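Asks: structure of the sequence below:
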Amino acid sequence: MQISRCGIHGFHEVLGIDTDEIRFHWTIETEDECAKQLAYRIVVTTDAELSDVVWDSQRVDSNVQRNIICKPDNGFRSITSHFWRVTVWDQNNQTHHSAVNHFFTAYPRSRLLPPYSMNQTYMPHTSLIFKSWFEDAPNRWKAVWIGDGGDKPIYLRKSFQLSRKPERAILFASGLGHFNMSVNGQPASNHRLDPGWTNYHRRVQFTSYDVTEHLAAGGNALGVHLGNGFYAGDKGGDGRFFWPMYEDNTYVRYGNELCFFGELHLFYGDGESEVLISDASWKVKKSATTLANIYASEDHDRRLYPVGWDSASYDDSDWAPIKPLTGPRGHIFYQSQPPVVLHEAFEPVKVHSPKKCVVCYDLGQNSSISVELAIEGAAGSEVLIRYSETVNDDGTVLMPDPLFKEFETGVYSKITLAGTGQVEKWEPDFSFTSARYIQIEGVSLNSGDGLPVIHSVVGRHISSAARKLGTMTTDKEDVNQLLNALYWTFSSNLFSYHTDCPQIEKFGWLEVTHLLAPATQYIRDMESLYTKILDDILDSQEPSGLVPTMAPEIRYMCGPLHDTITWGCALCLLPDILRQYYGSTHVIQKAYPAAVRYMEYMQTKERKGGLIEHGLGDWGRGIAFGNNQANIETAIYYRCLQCVEMMARELGKLEDAQKFKTWSSRIYDAYNHNLLVTDDADRPYAYYTSLDNYPARDCDAIAQAMALQFGLVPESHKKDVMAAFLDDVADGKIRAGEIGLRFLFNTLADANRPDLVLKMARQEEHPSYMRFLRRGETTLLEFWQDACRSKCHDMLGTIYEWFYAAVLGLKPVQEAYRTFSIEPPYASEFDFVKGSVDCPYGLIEVEFKREGSSMILQLRVPFGTEATVSLPVDTKGATCSGKVEKSVTGTELSLGHGLYTVSIQL
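Replies: Model prediction:
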């Protein structure tokens, strides 16, 4: 046995753990198909030799590999390296050890006391006020927030001497809005846009870096480049596009002073340690980046750039002393989600100059990007960079929506060259966008034109560093193209939150978080990002219990755009998503009280004995028209109550659980009393109607799908309701918005009708996925339109879940894929499907091939899981071979871990 991929639930990186309760997980690999885990033991220490024990689970007779709670009696020691190792006993009672794993604690109990950040200029006696705070020095933050008191980008630096090289150096830092950290001229990490966006009035994230290798005995320097982000959004003097200020200017800054906070902890081999903090000894200078607008508008004057400013040898005597600042309102928390990083590079597939001074680039793929330029030109030359997802016939940038022409003209970066005689490089420090096309103005491709020469343009995909999990390909080229478009759309919307689009809005709308979770879990490991998003939701909840439609809530929306359960339900559904897909319950304790308050709030909105009718319905159907409100909002309400019941049971609150079970039963009854039709002589079956045109009845597919997928149909009527559903979709046309779309495809999967799904996807006219591809799109559009304002919206991407679950045939059954099912599309047009998902227990691989009347299914089942393989009902014979032969009887086959080939004869 090899014990690998050991981790801590809810944390992507582990160099600043700030809680006294954590949960461990691990995976196991073995070639022995008879191997089992009989027991485990986890030991946590403060030394790599595992002698100074902090916590010991002792031997636990269990095959559990996830959600192992570790809660030392006295908590974890602050600012301390911790080491942990898993020991597993196999079926022969032999022991197997993992490697020794490491995590580092910040201040697990500091949340009771915020950082000491009061401005000493006007509050010189705070040491007396915070007497008790100072007495707990080992468990409190020591640094102060610093800056220049302004709202434009700045450089901060601190030079210092070390008498010897430290054995370990851990740097905690936070800078608002976003910051880039360097040590002795080298980036502290590959992170971008640190820290993650939050409601800074409630929560501020800090990041942590191991900078041991960057430090040396002698002179050293810390450098910080600080920009605006959403914390202090800036349109600039020429009024660049900044969505929260668009139209009604409802955006209110979180703060007006860009600020930084940091502690460098140094540890030496003899047990000594010291800490350097952000304080009055730091120096500050205005940045050469004079505008940092998160919506891809940055101004940068290379003539102002202080070369070598973050190196130890730099002379900062003319820099100004910093100012201590009050800082943000929110308490500091460790950045639990994956950082934002750069991924693939897109080289242009086409370069042309439609007119003098303008050069246009086609990257071939739309995605979230950070562009990298190399230019050579005279000092003072100004170069403009514009970005677009759509172009005119001549290749110049185009915003097809007339309401958003401001995005076409008001989003650009301006670079002023230093004229050094060398090629000058630039990339944005504090912004990103979605683009396939780059337009550079004020340049030429040829050196003889008297203009700056553009040497290269590269688009770097920027997205979450969450672990990539899934791959899939088929023998249908159009399906493969759609899978590619879906992947890039999903990947382009994952940052420190799940956005709706990386280009024009960038908001954290909550419906995509839960609607796309069953699809996204095939693409990326979302556990720690969902953990952070849940914190954002908790921070955004209003005193009434209402959960708004976005978190963080950057722009106040009114009416159903503010209060809609199909968005706010993410509070109740995310804990169940984390349990279902990742086998973790670590968020339930903090989510439960808020979820109860939300349900109590929703109860005040009930009508007709339990219906919810005030939301957006099937948003996106007919562009932006809400419909099927009672069907959709009430079904989500019902599901929320079930999730809250689950949380109550998990916490041992059995009386609460019974209350929510009774509550959801009442909603079930109200749903069927008001919406189920059993007496319509014009239709041969029972069905569900909407109340959109009450008392007139309708019978559309979404009404049937919502009832079927949410378990709201009485057993005696399930066959009828499925018949009603199939009648409405028989023409192969999509009649669903973004909410109903997922449940439309899932119901078609339950009906085993891949033909109808593919017919819908391939329609010539909208709604149609393939129409997007035929028109040259490489990502999904916001609406079923040709000329759309946004072309990297993932909310229509729920068909991705259908491809993995119904075409690759892979579905989780028990938590975290402890058991999963495999059922490729035996009766479909696919003759070849291949894919994989690196699930929480390890790699699952599936390959299906049809050859005449025979089929071959090759599988990899990871340790700790069991696969249930469904065979065609008309199977005449089947064999299963692996290291251990499996006999096949009937149409279902159970397989433990191992590699298998299943041969099927029809």
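Asks: and the helix or strand residue 635 falls within, what does it pack against?
Replies: Secondary-structure assignment from DSSP states H and E places residue 635 in helix 629-650. Packing partners of helix 629-650 (3 or more C-beta pairs under 8 Å, 6 or more residues apart in numbering; DSSP states H and E): helix 565-568, helix 570-582, helix 588-603, helix 654-675, helix 701-709. Using the backbone N, CA and C atoms, a C-beta is placed for each residue, glycine as well.
Asks: the inter-axis angle of that helix versus helix 654-675?
Replies: 160 degrees (axes from the mean of the first three to the mean of the last three C-alpha atoms, to 10 degrees).
Asks: quick one on the thing from earlier: okay, the helices and strands packed on helix 629-650 in CSV with mean pLDDT, mean neighbour count and distance to residue 313 next?
Replies: Formatted as CSV, the helices and strands packed on helix 629-650 follow (pLDDT from 0 to 100; neighbours: other C-beta atoms under 10 Å; distance: least, C-beta to C-beta, whole Å):
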stretch, mean pLDDT, mean neighbour count, distance to residue 313
helix 565-568, 97, 29, 53
helix 570-582, 98, 25, 48
helix 588-603, 98, 19, 48
helix 654-675, 98, 17, 63
helix 701-709, 98, 27, 64
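Asks: quick one: closest of the ones you listed to residue 221.
Replies: Across the helices and strands packed on helix 629-650, residue 221 has its closest neighbour in helix 588-603 (39.6 Å, C-beta to C-beta).
Asks: buried stuff in the helix holding residue 635?
Replies: Judged by neighbour count using 16 or more other C-beta atoms under 10 Å, the buried positions of helix 629-650 are 629-649.
Asks: rewinding a little: in CSV: the helices and strands packed on helix 629-650, plus distance to residue 137.
Replies: Formatted as CSV, these follow (distance: least, C-beta to C-beta, whole Å):
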stretch, distance to residue 137
helix 565-568, 42
helix 570-582, 36
helix 588-603, 28
helix 654-675, 41
helix 701-709, 55
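Asks: how near is residue 739 to residue 706?
Replies: 9 Å (C-beta to C-beta, to the nearest Å).
Asks: now do the shared contacts for those two.
Replies: With contacts taken as C-beta atoms under 8 Å, 6 or more residues apart in numbering, the residues that reach both residue 739 and residue 706 are residue 632.
Asks: Three-state assignment for the residue nearest to residue 329 when sequence neighbours are not counted, please.
Replies: In space, and not counting its chain neighbours, residue 329 is closest to residue 201: 4.5 Å by C-beta to C-beta, 6 or more residues apart in numbering. Secondary structure assignment for residue 201 (DSSP: H, G, I helix; E, B strand; the rest coil): coil.
Asks: pretty sure residue 201 is touching residue 255, no?
Replies: No - between residue 201 and residue 255 there is no contact under C-beta atoms under 8 Å: 9.1 Å.
Asks: higher neighbour count, these two?
Replies: residue 255 (20 against 13; other C-beta atoms under 10 Å).
Asks: contact partners for that one?
Replies: Counted by C-beta under 8 Å, 6+ apart, residue 255 has contacts 176, 200, 231-232, 327-328.
Asks: distance of it from residue 789?
Replies: 30 Å.
Asks: and for residue 326?
Replies: According to C-beta to C-beta, residue 326 stands 39 Å off from residue 789.
Asks: now stretch 880-889, how far from the chain's geometric center?
Replies: 40 Å (C-alpha atoms, centre = their mean, to the nearest Å).
Asks: typed the wrong thing, it's stretch 53-62
Replies: Using C-alpha atoms, centre = their mean, the offset of stretch 53-62 from its chain centre is 33 Å.
Asks: where does this structure have its least confident helix or strand?
Replies: Between all helices and strands in the chain, the lowest mean by mean pLDDT, DSSP states H and E belongs to helix 126-129, at a mean of 54.
Asks: how is the protein partitioned into domains?
Replies: The record's domain parsing of the chain by automatic domain parsing lists 2-104, 110-337, 341-464, 482-807, 819-905.
Asks: now do the end-to-end distance for the third one.
Replies: One end of domain 341-464 to the other measures 6 Å (C-alpha to C-alpha, to the nearest Å).
Asks: per-residue confidence at residue 798?
Replies: On pLDDT, residue 798 comes in at 96.
Asks: any idea how many residues pack against the nearest residue to it once chain neighbours are set aside?
Replies: Leaving aside its chain neighbours, residue 798 sits nearest to residue 742 (3.8 Å; criterion: C-beta to C-beta, 6+ apart). The number of residues packed near residue 742 is 23, by other C-beta under 10 Å.
Asks: give me the secondary structure label for residue 742.
Replies: helix.
Asks: so it sits right up against residue 514, yeah?
Replies: No - if you go by C-beta under 8 Å, residue 742 and residue 514 don't touch, sitting 9.7 Å apart.
Asks: nearest residue to the spatially most central residue of the chain other than its sequence neighbours?
Replies: With distances taken as C-alpha atoms, centre = their mean, residue 494 lies nearest the centre of the chain, 4.1 Å away. Nearest-residue entry for residue 494: residue 464, 4.0 Å, with adjacent residues in sequence omitted and distances by C-beta to C-beta, 6+ apart.
Asks: my read: the one you found touches residue 524, true?
Replies: Yes - using C-beta under 8 Å, residue 464 makes contact with residue 524 at a distance of 6.8 Å.
Asks: quickly list what's touching both of the two.
Replies: Common contacts of residue 464 and residue 524 (C-beta under 8 Å, 6+ apart): residue 494.
Asks: strands along the stretch 101-250 of the chain, start to end?
Replies: For the stretch 101-250 of the chain, the strands defined by DSSP state E, counting those that start in this stretch cover 101-104, 146-147, 154-162, 168-176, 178-183, 186-187, 203-210, 218-227.
Asks: any low-confidence regions in the protein?
Replies: 111-135, 248-249, 623-626, 884 (pLDDT under 70).
Asks: mind running it again at 50?
Replies: Scanning the chain for pLDDT under 50 picks out the ranges 118-122.
Asks: in stretch 760-773, what's buried?
Replies: By neighbour count on 16+ other C-beta under 10 Å, the buried set for stretch 760-773 is 760-763, 767-773.
Asks: before we move on, what about stretch 736-754?
Replies: By 16+ other C-beta under 10 Å, the buried positions in stretch 736-754 come out as 736-749, 751, 753-754.
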